[in-house]
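Engineer: Would you be able to build a 3D model of this:
(one chain, ligands or ions: 1)
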Amino acid sequence: MDSKSFIIQPADRIASFKPYFFASLNQRIATLKSQGIDIIRIDMGSPDLPPADFIIDRLVESARRADMHGYTQMGGTPAFKKAVSEYYQKRFGVQVDPQKETLALLGSKEGLFNLGQVLLNPGDVSLVPDPGYPVYSSTSIIAGAEVYHLPLLAENEYLPDLDAIPEDVARRAKVIWLNYPNNPTGATGSLQFFEKAVNFAHQNGIIIAHDAPYADICFDGYVAPSILQVPGAKDIAVEFNSLSKTYNMAGWRLGMAVGNAQIVSYLNTYKSQMDSSTFAPILDAGAEALLGDQEWLEERNQVYKERRDLVTDALVEVGFEVVPPKAAIYVWAGLPLKRRDSLEFCARLLDDTGVSMTPGIVFGPNGEGYLRISLGTETSRIHEAMRRLVTWVKTRM
Ligand SMILES: Cc1ncc(COP(=O)(O)O)c(C=O)c1O
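Structural biologist: Got it, this is the predicted structure:
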């Protein structure tokens, strides 16, 4: 056969999949950069600041040890799991068994994706927030599940209306995905909301996957709760957490699943076929981050707060609809003049000014008409991005 005409077909479950939005954005940005354009990226939620020195020191010390370079225990070392358990006790007053109720992940994205694979059968309903972090729906679709969108609307403070879920949908649902503090909206979920969600899950036999990587990035005195603080939550919930944002360690790929022991064990079994755990010095330094002095986080959060205010002020000046978020690292902004096409808006903004923001539609149909700005970029660059945006909106729109 002529090799040029040989078409390789992917498996059906990924045939209709598009690359992750940021993969295609990266290509466009590379092209613009090659033309000499100064690009300011405020699209991705990747913290620009480094972790505290004591965490890096631990990584280096640990990496210098000869006995730290082999395969690590599946699902994380006992020391890391113990650190996760102690962190949950100290930070949230929640008791978890380090061995049975915690699991180290290669970042929480890995655990979230794998959760869909270990829980969902074809035909199961997966309750997915819209807008939401794209992995909840992608893992559901790849597992053959039916995605039922839960609209997150400004008028409901971006919380899903659990009472509006039709009974037959709730009956067929296997998993509900929640994420507070929220990406992309920056909304927060109160303990009362979590109680309601846990009740709803108990009544309908639904598993809660709560994704909480922003729980330690809070402003204005707000303190984010864990869903595991709700009595009985561990019967039906697993919480995903991460060192990526809390400790500025996104590239390290370290996160954790915490909660229901059965779910943790399914994830562990699945992972044991897929990966061979994390580099031991990373787990070591991760434990140090979780157990060490947490005071530096306050100063870091103050930096995000300043950026939040800077961004919010500029957006308001040119007619965006914005509520300053109390947590997470995003500003969610409704486009001015009731414009709807967020993809077109962001593409034009990028081409005309070199500023890259994320179109709201990437997070689901209810994200249309919005854009998301990440605060994980150097303050002076965010300043410059806002200057360019304000001038552009005033003169070009
Ligand atoms: C809501 C949410 N969940 C999970 C993740 C994944 O984080 P990581 O895999 O780095 O732990 C992100 C990253 O942006 C996120 O925004």
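Engineer: Heading C-terminal from the helix or strand hosting residue 208, find the next helix or strand.
Structural biologist: Here residue 208 is covered by strand 207-211, with elements defined by DSSP states H and E. Sequence-wise, the next helix or strand downstream of strand 207-211 (DSSP H and E) is strand 237-242.
Engineer: So what's the model's average confidence on that following strand?
Structural biologist: The average pLDDT for strand 237-242 rounds to 98.
Engineer: for stretch 96-115, same thing?
Structural biologist: Averaged over stretch 96-115, pLDDT sits at 98.
Engineer: before we move on, the earlier item: show me what the strand holding residue 208 packs onto, helices and strands only.
Structural biologist: Using 3 or more C-beta pairs under 8 Å, 6 or more residues apart in numbering; DSSP states H and E, the elements in contact with strand 207-211 are helix 108-119, strand 173-178, helix 191-204, strand 237-242. C-beta: built from backbone N, CA, C; applies to glycine.
Engineer: Could you figure out how far the longest one is turned away from strand 237-242?
Structural biologist: Taking axes from the mean of the first three to the mean of the last three C-alpha atoms, to 10 degrees, one finds helix 191-204 and strand 237-242 inclined to each other by 130 degrees.
Engineer: which parts of helix 191-204 are buried?
Structural biologist: Neighbour-count burial for helix 191-204, counted by 16 or more other C-beta atoms under 10 Å, picks out 193, 194, 195, 196, 197, 198, 200, 201, 204.
Engineer: Pull the contacting residues for the nearest residue to residue 130 once chain neighbours are set aside.
Structural biologist: Distances taken as C-beta to C-beta, 6 or more residues apart in numbering put residue 364 closest to residue 130, at 3.5 Å, once the chain neighbours are dropped. Contact analysis of residue 364 by C-beta atoms under 8 Å, 6 or more residues apart in numbering lists 128, 129, 130, 131, 132, 137, 149.
Engineer: Please identify which of the residues you listed is nearest to the ligand.
Structural biologist: Checking the contacts of residue 364 against the ligand by C-beta to the nearest ligand atom gives residue 132 as the nearest, at 7.9 Å.
Engineer: Might one say that the closest one is in contact with residue 365?
Structural biologist: No: here residue 132 does not reach residue 365: they are 10.9 Å apart, not a contact under C-beta atoms under 8 Å.
Engineer: hmm, back to that, the strand holding residue 208 - what's its average pLDDT?
Structural biologist: 98.
Engineer: relative orientation of it and strand 237-242 in degrees?
Structural biologist: 20 degrees.
Engineer: Any part of strand 207-211 near the ligand?
Structural biologist: Yes: Strand 207-211 lies within reach of the ligand by C-beta under 6 Å from any ligand atom, at residue 211.
Engineer: Paired strands for that strand, with orientation please.
Structural biologist: strand 173-178 (parallel), strand 237-242 (parallel) (DSSP bridges).
Engineer: For the residue lying closest to residue 78 once chain neighbours are set aside, give its distance to the ligand.
Structural biologist: Take residue 78 and drop its neighbours on the chain: the residue closest to it by C-beta to C-beta, 6+ apart is residue 98, 7.0 Å away. Distance from residue 98 to the ligand, counting by C-beta to the nearest ligand atom, to the nearest Å: 20 Å.
Engineer: could you say which helix or strand contains the residue nearest to residue 187 when sequence neighbours are not counted?
Structural biologist: Distances taken as C-beta to C-beta, 6+ apart place residue 158 nearest to residue 187, at 3.5 Å, with adjacent residues excluded. Under the criterion DSSP H and E, no helix or strand holds residue 158.
Engineer: Contact distance from the ligand - what residues of the protein qualify?
Structural biologist: So the chain meets the ligand at 45, 107-109, 133, 179, 183, 211, 213, 242, 244, 250, 255 (C-beta under 6 Å from any ligand atom).
Engineer: Which of the three states applies to residue 104?
Structural biologist: strand (DSSP: H, G, I helix; E, B strand; the rest coil).
Engineer: just checking, the residue nearest to residue 187 touches residue 185?
Structural biologist: Yes: applying C-beta under 8 Å, one finds residue 158 in contact with residue 185, separated by 4.3 Å.
Engineer: where do the contact lists of these two overlap?
Structural biologist: With C-beta under 8 Å, 6+ apart, residue 158 and residue 185 have common neighbours residue 152.
Engineer: More neighbours: these two, which one.
Structural biologist: Legend: neighbour count by other C-beta atoms under 10 Å for residue 158 and residue 185, higher for residue 185 (30 against 23).
Engineer: Name the SS class of that one, please.
Structural biologist: Following three-state DSSP, the label given to residue 185 is coil.
Engineer: Quick check on residue 333: phi, psi?
Structural biologist: With angles defined as degrees, to the nearest 10, residue 333 sits at phi -130, psi 130.
Engineer: Please name the nearest non-neighbouring residue to it.
Structural biologist: Using C-beta to C-beta, 6+ apart and skipping residues adjacent in sequence, the residue nearest residue 333 is residue 320, 4.2 Å away.
Engineer: How many residues are close by that neighbour?
Structural biologist: 22.
Engineer: show me the contacts for it.
Structural biologist: Each residue near residue 320 by C-beta under 8 Å, 6+ apart is listed here: 333, 334, 335, 336.
Engineer: at 10 Å instead, please
Structural biologist: By C-beta atoms under 10 Å, 6 or more residues apart in numbering, the residues touching residue 320 are 311-312, 314, 331-337, 370-371, 373, 389, 393.
Engineer: same question, residue 323
Structural biologist: Residues near residue 323 by C-beta under 10 Å, 6+ apart: 154, 157, 158, 185, 186, 187, 312, 331, 332, 333, 334.
Engineer: what does the model give the second one for pLDDT?
Structural biologist: The confidence metric pLDDT takes the value 97 at residue 157.
Engineer: Ignoring the adjacent residues along the chain, who's closest to it?
Structural biologist: Nearest to residue 157 is residue 187, by C-beta to C-beta, 6+ apart, at 5.8 Å.
Engineer: okay, now the one you found: neighbour count?
Structural biologist: 23.
Engineer: Show the pLDDT at it.
Structural biologist: pLDDT, residue 187: 98.
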